[in-house]
Structure formats: structure tokens, C-alpha cells
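Chemist: predicted model and sequence below, questions to follow.
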Amino acid sequence: MPTLDHTIVHASDRFASAQFLADLLGAPDPVELGPFVAVRLDGAALDYAEHLVRGRDWVPTHYAIKVDEDEFDAVLSRIRARGLPYWADPRHTEPRAINHLEGGRGVYVHDPDGHNIEFLTRTYSDRFLTSI
């Protein structure tokens, strides 16, 4: 089965945005790779880039990162220690709460550029993929 190797995340400051995510995850410092600053995840990377196409706007998007239960506790602790706003849902109607979808836990936080970063302990897509 194909696997995702990397994707590009647009940022106003590629170093700051990559470091923000690495810090929340307790991951190694991001690595500069040409025009990108990469945060390596298990099996894939998020390559932060500053506006590759000059004069073209981009829209903040959503990135979901699956973590285990201990990693979730650590991420949530770092979010709270920084006083960052967080939500249980992608529309941000449940502030300062987490969700328990699929029997796991999940939380949403904005990165410095407004990307909606989700940390979850259970994959939602498994239910949909097994029904295909």
C-alpha cells in the first residue's frame, strides 16, 4: 500500500512554525532542507515552506497527527503550560476540552499561521476504510 512521505505546510516563518510543532510533540528540532524546514514524524514529514509562489495567498488547513496515549498526555500538558487555546472539535465550539471519538482522545490547536493541528489517539478513518 502506498504511504505518505511528506507534504508541504505553508508558513509565514517556516522555522517558527516547524519549531512550534516539534516543541508540542517533544520531537527533535526541525531540519532545514533547502527551502523547507522539516518536522519528521513516524514515516512522513511536514515540510514547512515560506510562500513558494510569491504574491499568491494560501489558506490555513488541517493536519491530524496520531499519537499514543502517553504522547497525548505530554502534548496536552505542553499546550496547557503555554496557555494556548485548544478545542475538542474542529469548529472550535468546545473550548478547553478534549474529545473521546472512537474511544480515544483528541484535541485541536492553531499553529502560528492558523493551521488547525489535531492530535488524536485513535484513527477515525479506519471505520470508513473497512466499510469500503
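Modeler: Received, thanks. Note that the structure is a prediction, hence the values are computed from the model and not measured.
Chemist: for the residue nearest the centre of the chain, give me its contacts.
Modeler: In the chain, the residue lying closest to the centroid (Cα atoms, centre = their mean) is residue 117, at 3.7 Å. Applying Cβ atoms under 8 Å, 6 or more residues apart in numbering to residue 117 gives the contacts 21, 24, 62-63, 65, 108-111. In this view, the C-beta of every residue, glycine as well, is placed from N, C-alpha and C.
Chemist: and if we set it to 7 Å?
Modeler: Residue 117 is in contact with 21, 63, 65, 108-109, 111, counting by Cβ atoms under 7 Å, 6 or more residues apart in numbering.
Chemist: any idea how the protein splits into domains?
Modeler: Annotated domains of the chain cover 1-51, 60-132 [automatic domain parsing].
Chemist: can I get the ones you listed in JSON lines including mean pLDDT?
Modeler: Output for the domains of the chain, formatted as JSON lines (pLDDT from 0 to 100):
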{"stretch": "domain 1-51", "mean pLDDT": "95"}
{"stretch": "domain 60-132", "mean pLDDT": "92"}
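Chemist: quick check: which of these is buried the most?
Modeler: Counting by mean count of other Cβ atoms under 10 Å, domain 1-51 has the highest mean neighbour count of the domains of the chain, with a mean of 16.
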